[in-house]
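In: Take this sequence and fold it.
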Amino acid sequence: MQRLPQTLENALNPAGTMLADAIRRAEARARQSCRPVPAFVQQALRGRISDAALSNTCFSTDWGATQNGTITQFLIANGYAVAVTLNSVIVFKSSADALTQV
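Out: Reported below is the predicted structural model:
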């Protein structure tokens, strides 16, 4: 019953529901190869997000260069992004992008 308002809202917004599903599927795929975020990234995020969220955050470079059909693959392969955040998973185009402090 608590989720009823959200369920009704989702029914009226099929595009939003599809996007949420795409993000969840891409996150699940990337989480399989996740590694802890580098210390300099943790330091930059500390105080901006909760310690609990930070401890659950990881990164991957498995964005699907071989056409896996995820939203991450679309964004990175087409040059729209070098990194995509999927809830608590950050997907980078390459290890160099992930491990280089800008």
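
In: A helix includes residue 59, no?
Out: No - read with DSSP: H, G, I helix; E, B strand; the rest coil, residue 59 is strand and lies in no helix.

In: Give me the nearest residue to the spatially most central residue of the chain, chain neighbours excluded.
Out: Centroid check for the chain by Cα atoms, centre = their mean gives residue 86 as the closest residue, at 1.6 Å. Spatial nearest neighbour of residue 86, chain neighbours left out: residue 27 (3.9 Å); criterion: Cβ to Cβ, 6 or more residues apart in numbering. C-betas here are computed from N, CA, C, even on glycine.

In: From the chain's centroid, how far away is the host helix or strand of the one you found?
Out: For residue 27, the enclosing helix or strand under DSSP states H and E is helix 14-31. Distance, stretch centre to chain centre, for helix 14-31: 9 Å (Cα atoms, centre = their mean, to the nearest Å).

In: packing partners for whichever helix or strand comes after that helix?
Out: Downstream of helix 14-31, the next assigned helix or strand under DSSP H and E is strand 35-36. Applying 3 or more Cβ pairs under 8 Å, 6 or more residues apart in numbering; DSSP states H and E, one finds that strand 35-36 contacts strand 58-60.

In: Pull out the buried positions in the strand it packs on.
Out: 59, 60 (16 or more other Cβ atoms under 10 Å).

In: packing partners for it?
Out: Counting contacts by 3+ Cβ pairs under 8 Å, 6+ apart, strand 58-60 packs against helix 14-31, strand 35-36, strand 89-92.

In: That one pairs with which strands, and in what direction?
Out: Strand 58-60 pairs in its sheet with strand 35-36 (antiparallel), strand 89-92 (parallel), by DSSP bridges.

In: Just name the most buried of these.
Out: strand 89-92 (a mean of 24; mean count of other Cβ atoms under 10 Å).

In: now that strand: how far from the chain's centre is it?
Out: 5 Å.
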